[in-house]
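Asks: Requesting a structural model of the entry that follows:
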Amino acid sequence: MTSEAAPTVRLMTAQALVRWMIAQRSELLDGSEVPLFGGVFAIFGHGNVLGLGTALREVRDELPTWRGQTEQGMALAAVAFARATSRRQVMAATSSIGPGALNMVTAAGVAHANRLPVLLLPGDTFVGRAPDPVLQQVEHYGDPTSTVNDAFRPVARYFDRITRPEQLLATLPQVARVLTDPADAGPVVLALPQDVQAEEFDFPAAMFAPRLHRVPRPRPDVEDLAAAARLLRAAERPLLVAGGGVRYSGAAAQLLAFAERHGVPVAETAAGRTLMPDPHPLNAGGLGTIRSASANALAADADVVLAVGTRLQDFTTSSWSVFSASVRLISINAARFDAVKHAAHAVVGDAGVTLRELDHELAGWAAAPEWTACAATVRAAWDAHIDTLRAGTAPGQLTYAQVVGVVNDASTAADYVLGSSGGIPGELNGGWRATGVATMDLEYGFSCMGYEIAGPWGAAIARSHSDPQGIVTALLGDGSYLMLNSELYSAAFAGHRFVAVVCDNGGYAVIHRLQTGQGAEGFNNLLTDCAGPGSGPDGVRVDFAAHAAALGCAVVDVPAGSGAAELRAGYARARELATTEERPAVLVCRTSPSEWTESGAWWEVGVPAGLAGYPAMRESKTAQLRWSS
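Replies: Sure, this is the predicted structure:
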C-alpha cells in the first residue's frame, strides 16, 4: 500500500520566504487577528534586488514594501513598529551585502537590548563562490565561510545563513518562535546568499497554509508563587516596579487592580512608562537616574520590591543605589534569564497571569495605609516641582521641561510620544503625565541617537491602524537630527504622518552636562567647544527648518527668543499640518543647553582618579550594593 505524495509548490527560495511571511497571522491583545508581518522596509542592491526584490514585487499588494534611505534608519523604524504594536506584529528589513548589511547591526542592537522582535534579511555573498571575491565582500584569510553578516551574531536572538532552499523548512518555525515568544523576543537575522535566493525547490504546499500565532502565557510555578506571597505578606513598605513586560503582556489592567487591592505604590521603568493612569494616588512616577523624585523616595524606603517584567538596568536602579541595602527583591518575568538577576526571588511567568494568581495568593492582605498614602504625598510634591519647571524661569528661554509640557498638554489618549537619547528621556521619564495606556516609546535600553527620526515612521505605520485619529510625536535634540535624518524623506514620500520636535541647543548638550558635572572641562560636545572655525559664535550652523523642508516635510519654525505660548501655537500648527497633508511635520525650536530636570540620582560612570576631587574607586558603589541583600 502506497501513500499519496503531499502536494508541493516549486518556488525560488526568496519566493517561498515571502509567501510564508504572508501566511503567518498574529492574535492581538484584544483577540483580533492580523498579519504577523506588517510589511518590509527595503533598500535593494546586488545582494537582494533580483532574488528577494523580485519576490517582494510579486506580492506587493499583500505584503507592502516601503523604500528606506538608510539601512539603519529603516531597521530602526521596524523596531519602533514592534513596540507600537506591543510586540504583536513585526516588520522586516532587507539590505544588500556588505555596508548595507552592516548598517543594520546597530538596529539589531536596539532590538536586542529592548527585547523587540524584528526580521532582518541581509543579502550575502555567493555560496557557490565561483565569482569570489565579489564586490563588497570582506575576505577572511583563514575562514572562507565568514562574511560581514557574522557581525550580527552578538546582537541577534536567532541567526541563520540559508545555504540551501530546503533549510527554510527547519528554520522558519524557529523564526516564528523567536519573533512571538515573550521570553526570547528579539531580532532574527536570516543571511541570504544571492545565488541561493534564486534557487528553486519543491516546497510542501502546507508550508504556506495560514497559521495563527498566539503569544504564550506561561503560568508561574506554584511554590515560587507561594514564596513570593510570603515575602510580600511580611513586607511593611512594598513597592511594585512595572516594566515593559507588563505592556507586552497587555497586563496594565491587572497591574492597576493588584496595586489598588493591596495598596502597593507603583513605579515605572522607561519601558513601562504610561502603564498606570495619571493622576492616580498609587502612581509614584518614573524610577531611576532619569526619574521622578517621588518614585526614588519610595524606592529608598521600600523593604520589598516586586519587579514585574523588567531587567532592572542601571538607569532604572540608579546603578543599584536607589534601593536600600537590605531590600528584598521579587522578580516576575517571562524570561528566567532576567528573573534571576541580582539575587532576586525569581517567579517565571507571564506578567498578567502571574499578577492575577499572586493577587489570589494575597487575598486579605494590604500594605499599611500610611505607606500607601506616601505615594500620593511624594508624587504631589514632585508634580508641583514639574509645574514650576514647565512655567519656566527665564523669559524667552525655552527649556526641555517646557517643550515636554507643551506636547503633554496637547496630547490625548489616541496620541503617542517617542524619545530615545540626550536630555529628552529624562524629561519624559520624570515629567510626562500619561494620557493613555502604553502611549510612550522611551527607547532607553540602547538609547540610540537617530531612533527619534526613524522610529516615528515605524510607529506611525503601526498606529495608523490602531489609533488612526492620533498623532505620533517624536522629541529629539539637534545632535540626533544630524546623526540620522534621511528617513524623514522616506516617511514624507510614503505619506506617513508624525510630528518631530527638534530642540536645537547647540550640540551634544546632555553629554556636555555629564562631562562638566563630573569636574572635567567642556570639550568637543557643544559646538562652541569644538575645533575648527565653525565653532565661533558666528560659525557654521544648520538651518534645520530649511533642511527638513528640503526633505519633503511640513515645517514650523519657532523663532529664537520665543516662550511657551509661541511653542504651544507652533506645536498645534505642526499637528494640523501633519494631519491635513499626510506627511511628517518638523517643528524647530531653540532650547537652553543648561536647563534640565535634575535627578540628583547616582549613575556610575568612569571618573578619572583625582578629577574634581573624586578618588579612584577600586570597588564601585554598584558592586557594594548589588549582593548586599
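Asks: Need the nearest residue in space to the residue at minimal distance from the centre of the chain, chain neighbours excluded.
Replies: With distances taken as Cα atoms, centre = their mean, the residue of the chain nearest its centroid is E443 (3.6 Å). The shortest distance from E443 to any non-neighbouring residue, by Cβ to Cβ, 6 or more residues apart in numbering, is to S420 (4.2 Å). Backbone N, C-alpha and C define where each C-beta goes, glycine included.
Asks: quick one: contacts for the residue nearest to the centre of the chain?
Replies: 79-80, 83, 110, 114, 418-420, 451, 455 (Cβ atoms under 8 Å, 6 or more residues apart in numbering).
Asks: just checking, the residue nearest to E443 touches C448?
Replies: Yes. With contact defined as Cβ atoms under 8 Å, S420 reaches C448; the gap is 5.8 Å.
Asks: Which one of these two is surrounded by more residues?
Replies: When S420 and C448 are compared for neighbours, S420 comes out ahead with 30 against 25, by other Cβ atoms under 10 Å.
Asks: Contact partners for that one?
Replies: 442-444, 447-449, 451-452, 455, 476, 480.
Asks: And G532, by the same measure?
Replies: Applying Cβ under 8 Å, 6+ apart, the residues near G532 are G539.
Asks: how close does L52 sit to Q167?
Replies: 16 Å (Cβ to Cβ, to the nearest Å).
Asks: got it, and V556?
Replies: 51 Å.
Asks: more neighbours, those two?
Replies: Shown here are V556 and Q167; by other Cβ under 10 Å, V556 has more neighbours (25 against 16).
Asks: Report the secondary structure state of that one.
Replies: strand (DSSP: H, G, I helix; E, B strand; the rest coil).
Asks: Is it in contact with A574, as I believe?
Replies: Yes. Taking contacts as Cβ under 8 Å, V556 lies within contact range of A574: 4.6 Å.
Asks: Between these two, which contacts overlap?
Replies: 585-587.
Asks: Including distance to A42, could these go into TSV?
Replies: Shown next, in TSV, are the shared contacts of V556 and A574 (distance: Cβ to Cβ, whole Å):
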residue	distance to A42
A585	25
V586	25
L587	30
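Asks: Now rank those residues by neighbours and give me the top one.
Replies: Result: L587 is most packed of the shared contacts of V556 and A574 (other Cβ under 10 Å), 31 neighbours.
Asks: quick one: secondary structure of S26?
Replies: S26 is classified as strand under three-state DSSP.
Asks: So what's the residue count around it?
Replies: Neighbourhood size, S26 [other Cβ under 10 Å]: 24.
Asks: and the residue nearest to it when sequence neighbours are not counted, what does it touch?
Replies: Take S26 and drop its neighbours on the chain: the residue closest to it by Cβ to Cβ, 6+ apart is L36, 4.2 Å away. Neighbouring residues of L36 by Cβ under 8 Å, 6+ apart: 21, 24-26, 89-90, 176, 179-180, 213.
Asks: one step back: mark which of the contacts of E443 are part of helices, please.
Replies: 79-80, 83, 110, 114, 451, 455 (DSSP state H).
Asks: can you list these in JSON lines and add neighbour count, pLDDT and distance to L225?
Replies: Below are these laid out as JSON lines (neighbours: other Cβ atoms under 10 Å; pLDDT from 0 to 100; distance: Cβ to Cβ, whole Å):
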{"residue": "V79", "neighbour count": "32", "pLDDT": "98", "distance to L225": "33"}
{"residue": "A80", "neighbour count": "34", "pLDDT": "98", "distance to L225": "35"}
{"residue": "R83", "neighbour count": "28", "pLDDT": "98", "distance to L225": "29"}
{"residue": "V110", "neighbour count": "28", "pLDDT": "98", "distance to L225": "33"}
{"residue": "N114", "neighbour count": "25", "pLDDT": "97", "distance to L225": "27"}
{"residue": "Y451", "neighbour count": "32", "pLDDT": "97", "distance to L225": "37"}
{"residue": "G455", "neighbour count": "31", "pLDDT": "98", "distance to L225": "37"}
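Asks: Which one of the residues you listed is nearest to T274?
Replies: R83 (12.1 Å; Cβ to Cβ).
Asks: Domain map for this structure?
Replies: Following automatic domain parsing, one gets these domains for the chain: 9-213, 222-380, 394-531+540-590.
Asks: thinking again about what came up before, tell me the pLDDT at the residue nearest to the centre of the chain?
Replies: As predicted, E443 sits at a pLDDT of 96.
Asks: ok, now S294?
Replies: 94.
Asks: Check the burial of it by counting its neighbours.
Replies: S294 has 27 nearby residues by other Cβ under 10 Å.
Asks: So for stretch 457-477, what gets flagged as buried?
Replies: If you call a residue buried by 16 or more other Cβ atoms under 10 Å, then stretch 457-477 has these buried ones: 457-464, 466-467, 470-477.
Asks: Kindly apply the preceding question to stretch 277-288 instead.
Replies: Buried residues in stretch 277-288 (16+ other Cβ under 10 Å): 278, 280-288.
Asks: And for stretch 324-333?
Replies: 324, 327-333.
Asks: biggest helix in the chain by residues?
Replies: helix 369-391.
Asks: helices or strands up against that helix?
Replies: On a contact count with 3 or more Cβ pairs under 8 Å, 6 or more residues apart in numbering; DSSP states H and E, helix 369-391 meets strand 283-286, helix 293-301, helix 400-410, helix 424-431.
Asks: In that helix, which residues are buried?
Replies: Those would be 371-372, 374-376, 378-379, 382-383, 385-386, 389-390, for helix 369-391 by 16+ other Cβ under 10 Å.
Asks: Pick out the most distant pair among these.
Replies: W371 and R390 (29.5 Å).
Asks: L476 against I453, yeah?
Replies: Yes. Counting by Cβ under 8 Å, L476 does reach I453; the two are 6.8 Å apart.
Asks: rewinding a little: columns pLDDT and distance to E357 on top of the buried residues of stretch 324-333, output as a markdown table?
Replies: Output for the buried residues of stretch 324-333, formatted as a markdown table (pLDDT from 0 to 100; distance: Cβ to Cβ, whole Å):
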| residue | pLDDT | distance to E357 |
| --- | --- | --- |
| S324 | 91 | 28 |
| V327 | 96 | 24 |
| R328 | 97 | 20 |
| L329 | 97 | 19 |
| I330 | 98 | 14 |
| S331 | 98 | 16 |
| I332 | 98 | 10 |
| N333 | 98 | 15 |
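Asks: Quickly name whichever of those residues is closest to A226.
Replies: When those are compared against A226 (criterion: Cβ to Cβ), the nearest one is I330, at 12.0 Å.
Asks: hang on, the closest one packs against L231?
Replies: Yes. Between I330 and L231 there is a contact at 5.8 Å, judged by Cβ under 8 Å.
Asks: what's the overlap in contacts for these two?
Replies: By Cβ under 8 Å, 6+ apart, the residues touching both I330 and L231 are 304, 345.
Asks: picking up where we left off before, taking the mean pLDDT, what do you get for the longest helix of the chain?
Replies: 95.
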